[in-house]
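Peer 1: build the 3D model from these lines:
(3 chains)
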Amino acid sequence: MGVKFRDIISPESIKFEQLESKIVALDAANIIYQFLSSIRQVDGTPLMDQNGNITSHFSGILYRTSSLIEKGIRPVYIFDGTSDILKKGTQDKRREVKEESQKKMEKALEEGRIEDARKYAVRTSRMSPKIVEGSKKLLELLGVPYIQARGEGEAQASYMVENGDAWCVGSQDYDCILFGATKMVRNLTITGGKSNLELIDLKKVLENLGITREQLVDIAILVGTDFNLGVKGIGAKTGLKLIKEHENIFNVINKLDIEMEVEPEILRNIFLKHEVEPDYSLKWKSPDTEGVVRFLCGDHDFSEVRVLSALDKFKKIDNKQKSLKDWFG
DNA sequence: CCAGCCGA
DNA sequence: TCGGCTGGG
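Peer 2: Model prediction:
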């Protein structure tokens, strides 16, 4: 989901060349969820191996990672640790929606309404522990580093950017700038050579809006985040206006006599004082070709020709890159 | 979502 | 050579 900030943030359009040789911290949950919901057949069925295991995310990770590496980008995937207790509320609601969508999908499928079936199927996507474990296994075989966050993956990724260990966070959700990522990119996809890359620079965003990060967080709390519903009737634009007018969320609440379902101070702390994993290392290795083939083709029925040609993209860098030590430890 | 093919 | 479409597992 993420905070709905589109109305107050104008991203810069950039090209892939500007990401060359840069480290991009990818929000694994965000990216894998995208794969699970979009890599599907016409009727909405995800890709599966003969044993019925979902494989959409493997396809996504393989092709996305190889394309990024081919473009000279160094990806690192950041996985969520334990999520905040407050998030459980929104998670429960999502589970309900998913269960309902599952029923609607089955009915649509029975009645031959293919487009409807797909529509509902997309909403059933879930990040099970099995999906997470499989994704980590594949990344290990590909020689691409991943980091296990203590809390929110986006918070960890943002910390790494703030710390100078990564150039930007790659995610669709604006939440990373709340967590303090100085730079984030959206639409990190590569369809048909065309791209629609968006760069969001936190410093510029704050300058343009004429506010501080604390105030940006306050706006988010009014609008609604993954941790609270927000105030009915307040969107990004109204939120911005109110916070600029009254300086902070406490004044807004007092002046407008608003009741918050969660203490703003608690929400502020989630974004401003979160726990991170300070001990991590980033190392890219050559992919274990045999291992990848055994895993994807042997265990999960991928075509060997396709897998090998994706792995070829890792080698191109191998030849192009002068200082291999930067790349492969 | 991405790769590969096909027709213009 | 490129946009559109299909199949991938």
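
Peer 1: next up, identify which helix or strand residue A:99 is on.
Peer 2: helix A:87-110 (DSSP states H and E).

Peer 1: repeat that for residue A:121.
Peer 2: helix A:114-122.

Peer 1: can you tell me if that helix touches DNA strand C.
Peer 2: No. Against DNA strand C, helix A:114-122 shows no contacts by CB under 7 Å from any atom of the strand, the least distance being 10.9 Å. Where you see a C-beta, it was placed from the backbone N, CA and C, and this is true even at glycine.

Peer 1: which neighbouring elements make contact with that helix?
Peer 2: Packing partners of helix A:114-122 (3 or more CB pairs under 8 Å, 6 or more residues apart in numbering; DSSP states H and E): helix A:87-110.

Peer 1: for the helix it packs on, the distance to its chain's centre please.
Peer 2: Remark: helix A:87-110 is offset 21 Å from the chain centroid, using CA atoms, centre = their mean, to the nearest Å.

Peer 1: who's in contact with that helix?
Peer 2: Outside helix A:87-110, the residues within contact range by CB atoms under 8 Å, 6 or more residues apart in numbering are A:1, A:43-44, A:83, A:114, A:116-117, A:119-121, A:123-126, A:226-227.

Peer 1: got the angle for it vs helix A:114-122?
Peer 2: Going by axes from the mean of the first three to the mean of the last three CA atoms, to 10 degrees, helix A:87-110 is angled at 160 degrees with respect to helix A:114-122.

Peer 1: mind saving the C-alpha coords of helix A:87-110 as PDB?
Peer 2: Provided in PDB are the C-alpha atoms of helix A:87-110 (Å, rounded to 0.1, in the frame of the first residue of the first chain):
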ATOM      1  CA  LYS A  87       0.800  -3.000  11.200                       C
ATOM      2  CA  LYS A  88      -1.100  -6.100  12.300                       C
ATOM      3  CA  GLY A  89      -4.300  -4.200  12.100                       C
ATOM      4  CA  THR A  90      -3.900  -3.300   8.400                       C
ATOM      5  CA  GLN A  91      -2.600  -6.800   7.800                       C
ATOM      6  CA  ASP A  92      -5.700  -8.400   9.200                       C
ATOM      7  CA  LYS A  93      -7.900  -6.200   7.000                       C
ATOM      8  CA  ARG A  94      -5.800  -7.200   4.000                       C
ATOM      9  CA  ARG A  95      -6.200 -10.900   4.800                       C
ATOM     10  CA  GLU A  96     -10.000 -10.500   4.800                       C
ATOM     11  CA  VAL A  97      -9.900  -8.800   1.400                       C
ATOM     12  CA  LYS A  98      -7.700 -11.700   0.100                       C
ATOM     13  CA  GLU A  99     -10.000 -14.400   1.400                       C
ATOM     14  CA  GLU A 100     -13.000 -12.700  -0.100                       C
ATOM     15  CA  SER A 101     -11.200 -12.200  -3.400                       C
ATOM     16  CA  GLN A 102     -10.300 -15.900  -3.400                       C
ATOM     17  CA  LYS A 103     -14.000 -16.800  -3.300                       C
ATOM     18  CA  LYS A 104     -14.900 -14.300  -6.000                       C
ATOM     19  CA  MET A 105     -12.100 -15.600  -8.200                       C
ATOM     20  CA  GLU A 106     -13.200 -19.200  -7.900                       C
ATOM     21  CA  LYS A 107     -16.800 -18.200  -8.800                       C
ATOM     22  CA  ALA A 108     -15.700 -16.100 -11.800                       C
ATOM     23  CA  LEU A 109     -13.600 -19.000 -13.000                       C
ATOM     24  CA  GLU A 110     -16.400 -21.500 -12.700                       C
END
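
Peer 1: which one of the contacts of helix A:87-110 is nearest residue A:197?
Peer 2: Nearest to residue A:197 among those: residue A:1, at 21.8 Å, using CB to CB.

Peer 1: any idea how far that closest one lies from residue A:249?
Peer 2: Computed as CB to CB, to the nearest Å, the residue A:1 to residue A:249 distance reads 20 Å.

Peer 1: backbone dihedrals for residue A:24, please?
Peer 2: Phi and psi for residue A:24, reported as degrees, to the nearest 10, are phi -110, psi 120.

Peer 1: might one say that it is in contact with residue A:76?
Peer 2: Yes. The pair residue A:24 and residue A:76 qualifies as a contact (CB atoms under 8 Å) at a distance of 7.3 Å.

Peer 1: give the residues shared as contacts by the two.
Peer 2: Contact with both residue A:24 and residue A:76 is made by residues residue A:166, according to CB under 8 Å, 6+ apart.

Peer 1: now the closest residue to residue A:277 other than its chain neighbours: how far from DNA strand C?
Peer 2: Nearest non-adjacent residue to residue A:277, counting by CB to CB, 6 or more residues apart in numbering: residue A:150, 5.1 Å away. Distance from residue A:150 to DNA strand C, counting by CB to the nearest atom of the strand, to the nearest Å: 32 Å.
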